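J.: predicted model follows, preceded by the sequence.
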Number of protein chains: 2
Amino acid sequence: MSLGEFDLIRRYFDRPVRRSPLGIGDDCALLAPRPGMQLAVSSDMLVEGRHFLSTTPPEALGHKALAVNLSDLAACGAEPLAFTLALALPQADERWLADFSRGLLTLADAHGIELVGGDTTRGPLNLCLTVFGELPAGAALLRSGARPGDELWVSGTPGLARLWLEVLRGRLTLDAEDFAATRRAMEWPQPRVSLGLALRGLASSAIDVSDGLLGDLAHVLTRSAAAQGASQPWGADIAAAALPRHAALDRQSADRRLQCQLAGGDDYELLFTAAPDRHAAVLAAGVAAGVAVSCIGRVTDHPRVRVLDAMGQAIVASWAGHDHFG
Amino acid sequence: MSLGEFDLIRRYFDRPVRRSPLGIGDDCALLAPRPGMQLAVSSDMLVEGRHFLSTTPPEALGHKALAVNLSDLAACGAEPLAFTLALALPQADERWLADFSRGLLTLADAHGIELVGGDTTRGPLNLCLTVFGELPAGAALLRSGARPGDELWVSGTPGLARLWLEVLRGRLTLDAEDFAATRRAMEWPQPRVSLGLALRGLASSAIDVSDGLLGDLAHVLTRSAAAQGASQPWGADIAAAALPRHAALDRQSADRRLQCQLAGGDDYELLFTAAPDRHAAVLAAGVAAGVAVSCIGRVTDHPRVRVLDAMGQAIVASWAGHDHFG
């Protein structure tokens, strides 16, 4: 890009740092973790046509690019500290930059996370964010701590973003209100940072639901069993009726609803486990964080993941991959 | 990408961590800085056709992607600790991955820096690395500490990568030996990490030379004067004869040689300043780090950057932008 373009870009992103000793403008930024704290780090790369549509409003894109990274910090129970942004742009379009940076920095301010550095280049549109969070040594929520008997929980109402995708794919129509709600879920996900912090010392494992609840659950069950020396993954029994349902999902067929709830994607809710005797404390953590949390099932020591109907019978869904259903 | 492709990619990058509490595989990686240490952070994004040619061997690309980031840590005097890699690939080509990861991880091992996380997606080829280094609070070498009277130093022999580009652009030819040397400079830059560490407490400012010596010097002079309350940038007098010359540059015309040395790019040498009474100590630091260092001039309190011939007359070069020459 030309010098003028770099100046233009800098205008939208270069802000003074408050918590970090050094921000944008030198070879490196400097972070000063508090004594005894570890740093949680996560990188995500978003590519047009794959992670977002060319029609996504730039303000929503700025929001979502940071939100999906904050969601990783939330899943670890880390407190957001700082982030870097590397940006490849086909051209420096001032309107686009203004809208994108507003979406990005508004969410950053809401979570007290500051932009400390990055890179800009001309190229096919690509956003790479790296986020840093702080947490006490040993306090991180990991994927590997779930034990048989633990209750399985999820925040919010997964499935809305997938429902919106189904509309885009021409498979169904929604009324204006439901369409707006599902689109908001896809484009403006709210990372569950407060909930992640409230679950420290309470949840036995956590993951953020980005690729669909069952797929992400499989990561937890596999890693937990391996970390605990088991020869095969843990399993889970999920009560279909316990899955939290947004009104827009309630108006769908049971099969489509389950597909969206369990195999959706782009939910950015927290899926976590906790010992049964922490049930009331988990509910209280949800209240304190202002996020609904639902107990949807239980971790098992048999290796299957089953979704059960009200009679306790396993539901065999037409859309489900055989990996997920025993 | 398909699950199989992700597995393939993981095979080349997923290695156990040694210094960090948690590496690849969870929502976040965990870094544990030693007590009292700050973290230096830098992100660079490399795009095909802009930062490297489609003909660059993938092993060299892996090396260079990390080298340019290590060079940022070197310029701050930070000790390499960990890095993340986000990768967009048009397809998962096993041969490419094997070569790229070998180049990347060989350099990582040489500098004791470990890969702790990242992301992979299908898309136009794009590499985004974020590196983390450790350093004691207050010890970072910054761009903002140069003072009038300080000596100006550079490591190695800048200009070779630019000379190679001139060959590619059909503007000159080189014999086989010089061609190999210049290509090596472009594709296999050696980050000056040891030198950066040796300059802590010694250099008053430092920057890595990635966009050409005069351009990067301008950043130092501007930021230093601003940080010290001056109303205009500091300047510099550079002695053309003091610029370190690789044999391949020696065989070029004086004008072309100066162009490569001063306005080249992709050098990844350190440009730094130090008080004159540290002259012997800087030379000793170069010896200790195994890198030649050359004193090429001096910072001035007039705002011009002048390149002087042996008679002390300013050289007006045909290729130089007016920004750099008073």
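T.: Happy to help now that I have it.
J.: in what helix or strand does residue A:181 lie?
T.: Element membership of residue A:181, judged by DSSP states H and E, is helix A:176-187.
J.: just give me how far the following helix or strand past that helix sits from the chain centre.
T.: Read in the C-terminal direction, the helix or strand following helix A:176-187 is helix A:193-198, with elements assigned using DSSP H and E. Once both centres are worked out by CA atoms, centre = their mean, to the nearest Å, helix A:193-198 turns out to sit 12 Å from its chain's centre.
J.: same question for stretch A:197-215.
T.: Stretch A:197-215 has its C-alpha centroid displaced from the chain centroid by 9 Å (CA atoms, centre = their mean).
J.: what does stretch A:35-50 give?
T.: With CA atoms, centre = their mean as the basis, the distance from the averaged C-alpha position of stretch A:35-50 to the chain average is 11 Å.
J.: establish whether it and chain B are in contact.
T.: Yes - with CB under 8 Å from any CB of the partner chain as the measure, stretch A:35-50 is seen reaching chain B through A:35-36, A:38-45, A:47-50. Glycine gets a C-beta too; all of them are placed from N, C-alpha and C.
J.: what's the answer for stretch A:80-93, then?
T.: Yes - on the criterion CB under 8 Å from any CB, stretch A:80-93 is in touch with chain B at A:82, A:84-88.
J.: can I get those in TSV with pLDDT?
T.: TSV is the format used below for these (pLDDT from 0 to 100):
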residue	pLDDT
A:82	96
A:84	95
A:85	95
A:86	94
A:87	93
A:88	93
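J.: tell me which two of those residues sit farthest apart.
T.: Set against one another by CB to CB, these have their most distant pair in A:82 and A:88, with a gap of 21.4 Å.
J.: on that earlier part again, mind listing what's buried along the helix holding residue A:181?
T.: When burial is assessed from 16 or more other CB atoms under 10 Å in any protein chain shown, helix A:176-187 yields the following buried residues: A:178, A:181-183, A:185-187.
J.: skip the chain neighbours and tell me the closest residue to residue A:185.
T.: Counting by CB to CB, 6 or more residues apart in numbering or on different chains, residue A:160 is the residue found nearest to residue A:185 once chain neighbours are left out, at 3.5 Å.
J.: swap in residue A:74?
T.: If the residues on either side of it in the chain are set aside, residue A:74 comes closest to residue A:196, at 3.5 Å by CB to CB, 6+ apart.
J.: one more: residue A:238?
T.: Per CB to CB, 6+ apart, closest to residue A:238 is residue A:297, 3.8 Å.
J.: after the strand or helix carrying that neighbour, which helix or strand is next?
T.: Taking DSSP H and E as the definition, one finds residue A:297 inside strand A:293-300. Downstream of strand A:293-300, the first helix or strand assigned by DSSP H and E is strand A:305-308.
J.: how far does that next one sit from the chain's center?
T.: Taking CA atoms, centre = their mean, one finds strand A:305-308 lying 23 Å from the centre of the chain it belongs to.
J.: that strand packs against which elements?
T.: Where contact means 3 or more CB pairs under 8 Å, 6 or more residues apart in numbering or on different chains; DSSP states H and E, strand A:305-308 is packed against helix A:213-227, strand A:235-239.
J.: these: which one's closest to residue A:207?
T.: Using CB to CB, these put helix A:213-227 closest to residue A:207, at 5.0 Å.
J.: can you list contacts of the closest one?
T.: A:142-147, A:152, A:154, A:158, A:205, A:207-210, A:232-236, A:261-264, A:267, A:271, A:273, A:299, A:303, A:305, A:320, A:323-324, B:25-26 (CB atoms under 8 Å, 6 or more residues apart in numbering or on different chains).
J.: rewinding a little: helices - which of the residues of stretch A:35-50 next to chain B land there?
T.: Secondary structure assignment by DSSP state H places none of the residues of stretch A:35-50 next to chain B in helices.
J.: quick check: the farthest pair among these?
T.: The largest separation in the residues of stretch A:35-50 next to chain B, counting by CB to CB, is between A:35 and A:49 at 44.8 Å.
J.: between these two, which is the more surrounded one?
T.: Taking residue A:35 and residue A:49 together and counting by other CB atoms under 10 Å in any protein chain shown, residue A:49 has the greater number of neighbours (11 against 7).
J.: one step back: give me the mean pLDDT for the helix holding residue A:181.
T.: Helix A:176-187 shows a mean pLDDT of 94.
J.: swap in stretch A:266-285?
T.: Predicted confidence along stretch A:266-285 averages 97 (mean pLDDT).
J.: over to stretch A:89-105?
T.: According to the model, stretch A:89-105 has a mean pLDDT of 93.
J.: list the buried residues for that stretch?
T.: Counting neighbours by 16+ other CB under 10 Å, one finds that the buried residues in stretch A:89-105 are A:89, A:92, A:96-97, A:99-101, A:103-105.
J.: and what of stretch A:131-139?
T.: Under 16+ other CB under 10 Å, the buried positions of stretch A:131-139 are A:131-135, A:139.
J.: which residues touch it?
T.: Residues outside stretch A:131-139 that contact it (CB under 8 Å, 6+ apart): A:31, A:33-34, A:36-43, A:66, A:69-70, A:72-73, A:76-83, A:113, A:200-201, B:21, B:28, B:32, B:41.
J.: can you check stretch A:119-128 too?
T.: By CB under 8 Å, 6+ apart, stretch A:119-128 touches A:1, A:6, A:9, A:43-48, A:61, A:65, A:85-91, B:43-51, B:86, B:88, B:119, B:123-124, B:126, B:128.
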